[in-house]
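Participant: got a sequence here, can you model it:
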Amino acid sequence: MKLIPIQIALAAAVALSGAASAQTAAAPAAPASPWSFNIALTSNYKFRGQDQDTSRTRSFKPALQGGIDYAFANGFYLGNWNSTVSFLDPDPANTTGKRANLEMDFYGGYKWAIGDWGFDIGLLQYYYPNATKANTTEAYIGTSYGPVSAKYSNTLSKGYFGTGIGTVAAPTSDGRGTQYLQFAFAKEFMPNWTFKASVGQTTFKSAVKAAGIPNFTDYSLGVSYDFGNSLSLAGYVQGASQKNSYNYTVGGVTKSLNRDTFILTLTKAF
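Facilitator: So this is what the prediction gives:
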């Protein structure tokens, strides 16, 4: 959330030749609102390097996104972020091809600073209204120093976006304990231009890997441009390793969820 500097205007008038003097001061400007909003349009929504739309195989599959945050003065915060998606409901009982079409993220946590270091700890739930077997809850902790940041997440729910829920006859909780560690770098290299890069590692429990679902590394590299008035455009390449292990097929065409894709995202914050 961008804070608006508080400006105090002071006007004074002094009468001459024995006239009475008067001085007036304007009231301080109201502090910035704890509320912040954002809306975005992206050419392809990838989460941890993986496509979230498996209804088509082309790279251009736009998604509409947006969120709202509330930051308390003491460092606590609450928020919600949403995006359109399109993937098969992972419920083992799904025999009709039902698909998830909306992702709703709900989160809350606490941020604080010690010198130049920033810290963040919280809980986050990924909720899919019509595909609840994909619901996932994570605890996370993060830190930042200058342009560098790191974040660790651990899955608390039984399934990890459907991974680990098993079958109707043999339900499991193998997805619980899935770990994700990400390092990111973001630095303005010229006015309004920011270079951004990240790398993350998803690590499953041994039972998930034994079922043929391998760990993978995701990455992102690109730049963003700030037009002013909280409007920005980002262009970046995003993808992940283990491409041959994460495939989907539409109309006889097979593509990898993890394929490298150039993505454009236009974002407006309020």
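
Participant: who's in contact with the closest residue to residue 242 other than its chain neighbours?
Facilitator: Excluding the flanking residues, the one nearest residue 242 by CB to CB, 6 or more residues apart in numbering is residue 216, at 4.1 Å. The way it works is simple: take the backbone N, C-alpha and C, and place the C-beta from them, glycine included. By CB atoms under 8 Å, 6 or more residues apart in numbering, the contact set of residue 216 is 49, 201-202, 240-242, 245-246, 258.

Participant: which of the residues you listed count as buried?
Facilitator: For the contacts of residue 216, a neighbour count by 16 or more other CB atoms under 10 Å gives the buried set as 49, 201-202, 240-242, 246, 258.

Participant: between the residues you listed, which sits nearest residue 90?
Facilitator: Nearest to residue 90, judged by CB to CB, of the buried ones among the contacts of residue 216 is residue 246 at 13.8 Å.

Participant: list the contacts of the nearest residue to residue 55 once chain neighbours are set aside.
Facilitator: The shortest distance from residue 55 to any non-neighbouring residue, by CB to CB, 6+ apart, is to residue 86 (4.2 Å). By CB under 8 Å, 6+ apart, the contact set of residue 86 is 52-55, 61, 99-101.

Participant: gap between residue 86 and residue 242?
Facilitator: 22 Å (CB to CB, to the nearest Å).

Participant: quick check: the closest residue in space to residue 183 that isn't next to it in sequence vs residue 182, distance?
Facilitator: Computed as CB to CB, 6+ apart, the closest residue to residue 183 that is not its neighbour in sequence is residue 150, at 5.1 Å. Noted for residue 150: a distance of 7 Å to residue 182, by CB to CB.

Participant: what about the helices in this protein?
Facilitator: Taking DSSP state H, the helices of the chain run over residues 206-210.

Participant: tell me which helix or strand in it has the weakest average pLDDT.
Facilitator: Scoring the helices and strands of the chain by mean pLDDT, DSSP states H and E places strand 10-13 at the bottom, with a mean of 36.

Participant: low pLDDT regions in the chain?
Facilitator: 1-31, 166-173 (pLDDT under 70).

Participant: may I ask you to name the longest strand in it?
Facilitator: Scanning the chain for the strand with the most residues, using DSSP state E, yields strand 99-114.

Participant: roughly how far is it from the heart of the chain?
Facilitator: How far strand 99-114 lies from its chain's middle: 8 Å, per CA atoms, centre = their mean, to the nearest Å.

Participant: neighbouring strands for it, and are they parallel or not?
Facilitator: strand 76-88 (antiparallel), strand 117-127 (antiparallel) (DSSP bridges).

Participant: what residues sit buried inside it?
Facilitator: Result for strand 99-114 [16+ other CB under 10 Å]: buried residues 99-101, 103, 107, 109, 111.

Participant: next one: stretch 259-270
Facilitator: For stretch 259-270, by 16+ other CB under 10 Å, it's 259, 261, 263, 265, 267, 269.

Participant: how distant is it from the center of its chain?
Facilitator: On CA atoms, centre = their mean, the centre of stretch 259-270 falls 12 Å from the chain's centre.

Participant: quick check, residue 174 in contact with residue 205.
Facilitator: Yes - counting by CB atoms under 8 Å, residue 205 is a contact partner of residue 174 at 5.7 Å.

Participant: so for those two, which sits in the more crowded spot?
Facilitator: When residue 174 is set against residue 205 and neighbours are counted by other CB atoms under 10 Å, the residue ahead is residue 174, at 23 against 19.
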